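1. next one to model:
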Amino acid sequence: MFSKDSNDEVYRDLYVSPDKIYPRQINGFFSRLRVFTVILLLGLYYIFPWILWNGEQAILLDLPARQFRYFGITFWPQDFIYLTLLLIVAAVGLFLFTTLAGRVWCGYACPQTVWTETFLWIEELVEGNRNKRIKLDNSPWNLNKITRKTTKHFLWVTFALFTGFTFVGYFSPIRELSTGIIEMTLGSWEWFWVLFYSLATYGNAGWLREQVCLHMCPYARFQSSMFDKDTLIVSYDKNRGENRGKRKKDSDYQLKGLGDCIECEQCVQVCPTGIDIREGLQYECIACAACIDVCDNVMDKMGYDQGLIKYTTEVTELSNGKEKTKFLRPKTIYYSSIFIVVIIAFIYLISNRVPMDMNVIRDRNNLFSETFSGEIENTYTLKILNMSQASQNYELTATGFDSILLMGKQHFTVDSGEVYLLPIRLRISAEELPKRSNDIQFVLQALNGHKQKMKSNAKFLGPKK
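-> Purely as a prediction, here's the structure:
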């Protein structure tokens, strides 16, 4: 699309392709912390599917069987409340950490950041440091350039394929998946998701990179609603740094009206999104603190104090350090309270979770019947689901009346994941029925392991007196 200037009739292209960003690698405290976080998260991601628990894959999201296995616990669709609580914990936790420390999630733990860092390491390994990469891209195509580019993309694709394979390994047993890939016997859907996730990793981390953060991620757009004047942000000290200018190390730069910023541009060169932090806080900043590390290194070489670029807050910066940051404030107390309450609720529900389910279905064709001995009989069908990872022996009883008599199986075995249909008849003396409908209770007792118990209420129907 073009825009027409009414003064000089000049047309200008409004859509300009972004320049490629070549982040410079830097060594410092925050950079080492980011490397540690990346290695830790990638290690967990690639190792977890291979861990066995009681002879089975420890983490397996078995969608066809409607089972989510997590270190000996099997979650079913009936356990959707736990997933809901986990999502609430994740959301509130993200809001809390953002309010306290800005976009630390984006800078250290976001999957886009983690995989982009890995792809950048591979790129630097093959093509060299920032200057060599720029020189290589600007050089004409030759054998050296073709070899390096081919090697880089080969490693990218290989790593992306391994990532896609691992991702599918969370939903399909990874050992069977690896055998199927070697023998080329995978189903069409498994192939599709391996290749789709591999392509997504290769495209997002290798090609799009910062464009995902700038234009595709919604988090950058609404983060400002969680910021306040006490939120930690990466900030450039303008009072100390301005006016900028180059100088020799031992020169008296203050006589020339210069600040501590030597205009080396290294804070821009290390930024993975290509911004200049000296222009103030911008939504593109992912708080990775690479600019802090490189600026501190420059300050050390020049013999100046560190902290020209640092983590700080708006209230501290505007008051020149006279006001201290308030970590306990209404917003953080509100988020922390919700965060703690939901975690406690999740732990309580998990610790009291009964790995069985029982639904009572009445016989609607015959509400009740009378026996020759004067008893009232109701018929039920019990749907019993064994939600544990092993077969269970159960005992069934019924309570509610002194004369209640349960006719049918009272001891039975249900395999793991099996839905067991159990027809049951209950008989109660007519003299003990004071009204038309009465509350009764079925009690299902597991005889294995922790001998857990669950109860299900039902109605017993009889004739009017």
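2. please make it C-alpha for all contacts and neighbour counts, starting now.
-> Fine.
3. now residue 389, nearest residue through space, not along the chain?
-> For residue 389, ignoring the flanking residues on the chain, the nearest one in space by Cα to Cα, 6 or more residues apart in numbering is residue 416 at 5.3 Å.
4. list the contacts of that neighbour.
-> 386, 387, 388, 389, 390, 391, 392 (Cα atoms under 8 Å, 6 or more residues apart in numbering).
5. in TSV: those residues, plus neighbour count, distance to residue 122 and pLDDT.
-> What follows is the contacts of residue 416, written out as TSV (neighbours: other Cα atoms under 10 Å; distance: Cα to Cα, whole Å; pLDDT from 0 to 100):
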residue	neighbour count	distance to residue 122	pLDDT
386	24	48	94
387	25	45	92
388	20	44	88
389	16	42	85
390	13	45	87
391	15	48	92
392	20	51	94
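6. just the ones in strands from those residues, please.
-> Using DSSP state E, 386, 392 are the members of the contacts of residue 416 that sit in strands.
7. closest one to residue 377 out of the contacts of residue 416, please.
-> Nearest to residue 377 out of those is residue 386 (Cα to Cα; 28.0 Å).
8. hmm, back to that, the residue nearest to residue 389: what secondary structure?
-> Here residue 416 is recorded as coil under DSSP: H, G, I helix; E, B strand; the rest coil.
9. for it, give me phi and psi.
-> The phi/psi pair for residue 416 (degrees, to the nearest 10) reads phi -60, psi 130.
10. could you check how far it is from residue 386?
-> Residue 416 sits 5 Å away from residue 386, going by Cα to Cα, to the nearest Å.
11. mind listing the shared neighbours of the two?
-> residue 392.
12. just give me the neighbour total for residue 393.
-> Neighbour count of residue 393, defined by other Cα atoms under 10 Å: 17.
13. can you check residue 89 too?
-> Using other Cα under 10 Å: residue 89 sits among 19 other residues.
14. residue 462: which of the contacts of residue 416 is nearest?
-> residue 386 (32.0 Å).
15. most remote residue from this protein's center?
-> The outermost residue of the chain relative to its centre, with distances by Cα atoms, centre = their mean, is residue 372 at 63.9 Å.
16. what's the burial count for the nearest residue to residue 52 once chain neighbours are set aside?
-> Leaving aside its sequence neighbours, residue 52 sits nearest to residue 58 (Cα to Cα, 6+ apart; 5.0 Å). The tally of other residues near residue 58 (other Cα under 10 Å) stands at 20.
17. list the contacts for residue 58?
-> 48, 49, 50, 51, 52, 69, 70, 71, 72.
18. could you rerun that using 7 Å?
-> Neighbouring residues of residue 58 by Cα atoms under 7 Å, 6 or more residues apart in numbering: 49, 51, 52, 69, 70, 71, 72.
19. distance of it relative to residue 137?
-> 45 Å.
20. now swap in residue 463 and tell me
-> Separation of residue 463 from residue 137 (Cα to Cα): 90 Å.
21. which one's more surrounded, the two?
-> More crowded of residue 463 and residue 137, by other Cα under 10 Å: residue 463, with 15 against 12.
22. quick one: classify that one as helix, strand or coil.
-> The three-state label given to residue 463 by three-state DSSP is coil.
23. cool, and residue 438?
-> Classification of residue 438 using three-state DSSP returns strand.
24. for it, name its beta-bridge partners.
-> Taking DSSP bridges as the rule, residue 438 bridges to residue 460.
25. residue 184: neighbour count?
-> Look at residue 184: counted by other Cα under 10 Å, it has 11 neighbours.
26. and the gap between it and residue 194?
-> From residue 184 to residue 194 the distance is 13 Å (Cα to Cα).
27. now do residue 402
-> Going from residue 402 to residue 194 by Cα to Cα gives 61 Å.
28. need the strands for the stretch 301-450 of the chain, in chain order.
-> 309-312, 356-362, 369-370, 375-386, 392-399, 405-407, 411-414, 419-429, 437-446 (DSSP state E, counting those that start in this stretch).
29. secondary structure element holding residue 85?
-> Taking DSSP states H and E as the definition, residue 85 sits inside helix 80-101.
30. now the element after that helix, going C-ward?
-> Next in sequence after helix 80-101, counting helices and strands by DSSP H and E, comes helix 104.
31. now do that next one: distance to the chain's middle.
-> Centroid separation for helix 104 versus its chain: 14 Å, with Cα atoms, centre = their mean, to the nearest Å.
32. then stretch 234-251?
-> Relative to its parent chain, stretch 234-251 has a centroid offset of 40 Å by Cα atoms, centre = their mean.
33. got the CA coordinates for that stretch in PDB?
-> Presented in PDB, the C-alpha positions along stretch 234-251 are these (Å, rounded to 0.1, in the frame of the first residue of the first chain):
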ATOM      1  CA  VAL A 234      14.900  -2.600  32.800                       C
ATOM      2  CA  SER A 235      15.700   1.100  32.700                       C
ATOM      3  CA  TYR A 236      18.400   3.500  31.500                       C
ATOM      4  CA  ASP A 237      19.500   6.200  33.900                       C
ATOM      5  CA  LYS A 238      19.200   9.300  31.800                       C
ATOM      6  CA  ASN A 239      20.300  11.700  34.500                       C
ATOM      7  CA  ARG A 240      23.600   9.800  34.700                       C
ATOM      8  CA  GLY A 241      24.000   8.800  31.100                       C
ATOM      9  CA  GLU A 242      23.200  12.000  29.200                       C
ATOM     10  CA  ASN A 243      24.700  13.600  27.200                       C
ATOM     11  CA  ARG A 244      26.000  10.700  25.300                       C
ATOM     12  CA  GLY A 245      29.300  10.800  23.500                       C
ATOM     13  CA  LYS A 246      32.500   8.900  22.700                       C
ATOM     14  CA  ARG A 247      35.600   9.600  24.700                       C
ATOM     15  CA  LYS A 248      38.900   8.100  25.700                       C
ATOM     16  CA  LYS A 249      39.100   6.000  28.800                       C
ATOM     17  CA  ASP A 250      41.000   8.500  31.000                       C
ATOM     18  CA  SER A 251      39.600  11.700  29.600                       C
END
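34. name the residues that touch it?
-> With contact meaning Cα under 7 Å, 6+ apart, stretch 234-251 is reached by 253, 257-263, 277-278, 280-281, 287, 289, 302, 308-312.
35. okay, and which of the residues you listed map to strands?
-> 309, 310, 311, 312.
36. returning to that earlier point: residues contacting the residue farthest from the centre of the chain?
-> Contact partners of residue 372, counting by Cα under 7 Å, 6+ apart, are absent.
37. and the gap between it and residue 403?
-> Distance from residue 372 to residue 403, by Cα to Cα: 16 Å.
38. rewinding a little: neighbour count winner among residue 402 and residue 194?
-> residue 194 (20 against 9).
39. residue contacts, the more buried one?
-> So residue 194 contacts 164, 165, 168 (Cα under 7 Å, 6+ apart).
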